[in-house]
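Asker: pasting the structure only:
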């Protein structure tokens, strides 16, 4: 099971990167049950919407995912994100085939 | 390097799945240089946009990615996709951190 976050292009990419990689991601990595984090820097959109960055957070199963999402560590990570990117991201969860 | 495809919710999910998994994905898997394909069924959106499905196509590097994108196999895969989902997907490419 994974959580997929897609970030809109920030007005100030350097400030975004500093807050994202310097503060947000270290908080994310404290979330219990998180198996792996994969971050992709998007270079371009060929169709449809454009996004700046994608993050994928992997959990063992739905129970681990739910526990992680409801943890105080995830609440802290979400707060840090909303301090610099509120309303500027899409958050999905899904199951890999 | 990877290609990320995000599909909007189809009007007829059963017909989409049949065309997608029955025709489109087998064509995608013929693309030269493709290392791996990961498909995620999205269950829900918690913020921002909602999508039905995500596909990630992995290539060794930018040269392999470009060669794959410009191949007749990818053209055939793209044609099959546009026969049932034209204008209903986002296509991005990026580099994993």
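Answerer: Thanks, I have the structure now. Since we're looking at a predicted model, the values are computed, not measured.
Asker: how about the residue nearest to residue A:76 when sequence neighbours are not counted, what does it touch?
Answerer: Closest residue to residue A:76 apart from its sequence neighbours, by C-beta to C-beta, 6 or more residues apart in numbering or on different chains: residue A:27 at 5.3 Å. C-betas here are computed from N, CA, C, even on glycine. Remark: with contacts taken as C-beta atoms under 8 Å, 6 or more residues apart in numbering or on different chains, residue A:27 is in contact with A:73, A:76, A:77, A:80.
Asker: close to chain B, is the longest strand along chain A?
Answerer: In terms of residue count, the longest strand belonging to chain A (DSSP state E) is strand A:34-47. Yes: part of strand A:34-47 sits close enough to chain B to count as contact by C-beta under 8 Å from any C-beta of the partner chain, namely A:38, A:39, A:40, A:41, A:42, A:43, A:44, A:45, A:46, A:47.
Asker: give me the phi and psi angles of the residue nearest to residue A:76.
Answerer: Its backbone dihedrals place residue A:27 at phi -70, psi -40, with angles given as degrees, to the nearest 10.
Asker: in chain A, where is pLDDT below threshold?
Answerer: For chain A, no stretch has pLDDT under 70.
Asker: where do the helices sit along it?
Answerer: Remark: helices assigned in chain A by DSSP state H are A:13-19, A:25-28, A:62-69, A:72-85.
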